[in-house]
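Asker: below is the sequence, then the predicted model.
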Amino acid sequence: MPSLPAPAPRSLTWPHPPTEPMNASHDLIAVFGGIFGLLAVFSLIGAGLKYRVARGEPHGVIDNLNARIKAWWAMIALIGAAIWIGPWGVIALFAFISFQCLREFISLTHTRLGDHRALLWSFFVFLPAQYWLIATHWYGLFSILIPVYAFLLLPISSSLGADTTRFLERAAKVQWGLMICVYCLSHVPALLTLEIAGYAGRNMLLIVFLILTVQSSDVFQYVWGKLIGKRKVSPAISPSKTVEGLVGGVLTSTAVGAALWWITPFTPLEAGLIALVINVMGFFGGFVLSAIKRDRGVKDWGAMIEGHGGMLDRVDSISFSAPIFFHIVRYGWVA
Amino acid sequence: MFVDRLLASALCGFARALTGVRALWLGSEPDARPRVYFANHRSHGDFVLIWASLPPPLRRRTRPVAGADYWLTTPLRRFLINRVFRGVCIDRRPGRNGPNPVEQMGEALSAGESLILFPEGTRNMGDGLLPFKSGLHHLAKAHPEAELIPVWIENLGRVMPKGSLIPVPLLCTLSFGPPLAPIDGESRDAFLARARTALLDLAPPAD
């Protein structure tokens, strides 16, 4: 159980000096160099497919693949820039991602006039407050702000709207949106606040490990699914997810996670096991949010990222894996 | 003139940033011929959003039909509706003795301009659509050359509901439907029902 809110440290300084003593920047440069190298290879393959298979004609799968690769360049560059700026850059980036996801989520769920104030509170108070608590290292309140305070205060606000139509459903949807889009995602930058013995100044690499493992799982599921996918996991929920894609993708990116052990405080075996857990959680993140999309009769949450759909389509897996990853590290590696 | 246009672009830009508006052309395309865009009405921002989704050259030739009782009451509103939006202000009161609203709207169509019309006549605070006022029928009969395009505005009523000061930044979608087939001898009520159904067809399914 999370402890009661502790008094907030008043200073906004980070526990570690931004100049990393253990050469985190070298590792970051190595990892990002590797990713950009891989993207260059993928871009060449994409161009080759367009030239050889599609012969320059419009081709659904190949054009979508190329749009996805192009969007990856932009997304990786954005994450790299945020990491380069430092903790504030990463917090700002994820606050923006949460904002965009919450927009997409609430836009697709029905709320009524009486919820207007509750929505204003969600967007303009709880969302910024959650990220502010990371910046101030106030873990106690960070971990209960939305599960306790938003959970109790937002329905009070909605009830003052005096509209009882589907009241429980509306209150539940607003709370669910906040949990998925703000609370869960905020655990990514919260990794920066963990103090791990012998790992000081390298927490940025935990974020890289999480994002790289989970996102590569999405990519490998897509690739394995397109190559050898036959049996659908659940046609009612997702027409594109196959058993072959799921197993191949999760195993491949578990291997990726194990191979990245050198940027983490884990042993290779631990890194592999943790990667397996967050990949499975990530898969079910996409699965659960697909179920919501199917129920609402849409394919994507939005149209922000070309080839991928909306922001929430891209980070659903991170939303489900980040809190679990955070707690594994917090209980296993923080003294 | 320059300031008016600048303000118009700025308002459109703000509306786009706030709502991330997406225009879906489902059965029609942007076109310069005289048109009546008729839409559901939940918010004062409705016509700004339709405006913002049109290509800029069409925007300047597309005029919102606005209620004089609201838009002509303060100097700022008067400036906005007359100079910035170039609205056609009509008197909605039943016992009016000013110009005939249908003729006012028809003049704009005859001049080759398009109109944005909210046939519910007022902002709808509930779900779905209110019954249509007869203006759309009179306009369609008097101007068979004008295309009637239904436009469903999704979510703006939740972004800025009546009486709220701060907007919620939800994403809005505008669905432009196919032009309505012209009237051929059908009654006023039958035509209005057909127009209303065409607009409702563009709405996402209720949950």
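Answerer: Cool, got the structure.

Asker: list the helices and strands the helix or strand bottoming out on mean pLDDT in chain A packs on?
Answerer: Ranked by mean pLDDT, DSSP states H and E, the helix or strand of chain A with the weakest confidence is strand A:238-242, at a mean of 84. Contacts of strand A:238-242 with other secondary structure elements, assessed using 3 or more CB pairs under 8 Å, 6 or more residues apart in numbering or on different chains; DSSP states H and E, are made with helix A:204-228, strand A:232-234, helix A:268-296. All C-beta atoms are positioned from the backbone trio N, CA, C, and that covers glycine.

Asker: domain-wise, how is chain A divided?
Answerer: For chain A, whose domains are defined here by automatic domain parsing, the residue ranges read A:23-85, A:88-193, A:197-335.

Asker: any chance of JSON lines for these, columns mean neighbour count?
Answerer: Supplementary listing: the domains of chain A in JSON lines, determined by neighbours: other CB atoms under 10 Å in any protein chain shown:
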{"stretch": "domain A:23-85", "mean neighbour count": "15"}
{"stretch": "domain A:88-193", "mean neighbour count": "20"}
{"stretch": "domain A:197-335", "mean neighbour count": "19"}
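
Asker: just so I know, which of these lies nearest B:Arg158?
Answerer: domain A:88-193 (6.4 Å; CB to CB).

Asker: neighbouring strands - and their directions - for the longest strand seen in chain B?
Answerer: Ranked by residue count under DSSP state E, the longest strand found in chain B is strand B:147-154. The sheet places strand B:147-154 alongside strand B:35-39 (parallel), strand B:173-176 (antiparallel), with pairing taken from DSSP bridges.

Asker: still on that earlier bit, any idea which of the domains of chain A gets closest to B:Leu130?
Answerer: For B:Leu130, the closest of those is domain A:88-193, at 15.7 Å, according to CB to CB.

Asker: which strands and helices sit next to the next helix or strand after the longest strand of chain B?
Answerer: Proceeding N to C from strand B:147-154, the next assigned helix or strand is helix B:156-159, under DSSP states H and E. Taking 3+ CB pairs under 8 Å, 6+ apart as the contact definition, the neighbouring helices and strands of helix B:156-159 are helix B:2-19.

Asker: okay, the angle between the helix it packs on and strand B:147-154?
Answerer: Between the axes of helix B:2-19 and strand B:147-154, defined by axes from the mean of the first three to the mean of the last three CA atoms, to 10 degrees, the angle is 50 degrees.

Asker: neighbouring contacts of stretch A:213-228?
Answerer: Contact with stretch A:213-228 is made by A:61, A:240-242, A:244-250, A:252-254, A:256-257, A:260, A:275, A:278-279, A:282-283, A:286, A:317-318, A:321, as judged by CB atoms under 8 Å, 6 or more residues apart in numbering or on different chains.

Asker: how far is the longest strand of chain B from where the chain is centred?
Answerer: When distances are taken as CA atoms, centre = their mean, to the nearest Å, strand B:147-154 is centred 8 Å away from the chain's centroid.

Asker: avg pLDDT for it?
Answerer: Throughout strand B:147-154, pLDDT has a mean value of 94.

Asker: cool, and stretch A:259-268?
Answerer: Averaged over stretch A:259-268, pLDDT sits at 94.

Asker: just the strands in chain B please.
Answerer: B:22-25, B:35-39, B:62-67, B:88-90, B:114-117, B:147-154, B:173-176.

Asker: would you mind listing what in the stretch 101-250 of chain A touches chain B?
Answerer: Contacts of the stretch 101-250 of chain A with chain B, taken as CB under 8 Å from any CB of the partner chain, map to A:Arg103, A:Glu104, A:Ile106, A:Ser107, A:His110, A:Thr111, A:Leu113, A:His116, A:Leu119, A:Leu120, A:Phe123, A:Phe124.

Asker: could you tell me the end-to-end distance of stretch A:132-152?
Answerer: With CA to CA, to the nearest Å as the measure, stretch A:132-152 spans 20 Å from end to end.

Asker: quick one: it to chain centroid distance?
Answerer: In terms of CA atoms, centre = their mean, the gap separating the centre of stretch A:132-152 from the centre of its chain is 18 Å.

Asker: so who does the residue sitting nearest the centre point of chain A touch?
Answerer: For chain A, the residue sitting closest to the mean C-alpha position, by CA atoms, centre = their mean, is A:Ile318 at 2.8 Å. Under the criterion of CB under 8 Å, 6+ apart, the contact partners of A:Ile318 comprise A:Leu185, A:Val188, A:Leu210, A:Ile211, A:Val214, A:Gln215, A:Gly282, A:Gly285.

Asker: for those residues, give me a markdown table that also has pLDDT.
Answerer: Written out in a markdown table, the entries for the contacts of A:Ile318 read as follows (pLDDT from 0 to 100):
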| residue | pLDDT |
| --- | --- |
| A:Leu185 | 97 |
| A:Val188 | 97 |
| A:Leu210 | 96 |
| A:Ile211 | 95 |
| A:Val214 | 95 |
| A:Gln215 | 93 |
| A:Gly282 | 95 |
| A:Gly285 | 95 |
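
Asker: A:Leu119 contacts A:Thr111, correct?
Answerer: Yes. Contact criterion CB atoms under 8 Å: A:Leu119 and A:Thr111 qualify, at 6.5 Å.

Asker: mind checking how far B:Arg60 is from chain A?
Answerer: If you measure B:Arg60 against chain A using CB to the nearest CB, to the nearest Å, the figure is 27 Å.

Asker: which residues touch B:Gly20?
Answerer: With contact set as CB under 8 Å, 6+ apart, B:Gly20 has these partners: A:Arg103, A:Gly302, A:Met304, B:Leu171, B:Cys172.

Asker: can you pull out the low-pLDDT segments for the chain?
Answerer: Answering for chain A, as no chain was given. Regions of chain A meeting the criterion pLDDT under 70 cover residues A:1-23.

Asker: chain B, not that one
Answerer: Filtered on pLDDT under 70, chain B yields the residue ranges B:96, B:207.

Asker: quick one: name the residues of it near chain A.
Answerer: Taking CB under 8 Å from any CB as the criterion, the neighbours of chain A within chain B are B:20, B:22, B:125, B:155, B:158, B:161, B:164, B:166, B:168-172, B:204-207.

Asker: so A:Gln100 makes contact with A:Ala303?
Answerer: No. Because the distance of 11.7 Å does not satisfy CB under 8 Å, A:Gln100 is recorded as not touching A:Ala303.

Asker: chain neighbours aside, what residue packs nearest to residue 83?
Answerer: Unless you meant another one, I'm taking chain A. When the adjacent residues along the chain are set aside, A:Ile83 lies closest to A:Met204, with 5.5 Å between them (CB to CB, 6 or more residues apart in numbering or on different chains).

Asker: nope, chain B please
Answerer: Residue nearest to B:Arg83 in three dimensions, not counting chain neighbours: B:Asp4, with 4.7 Å by CB to CB, 6+ apart.
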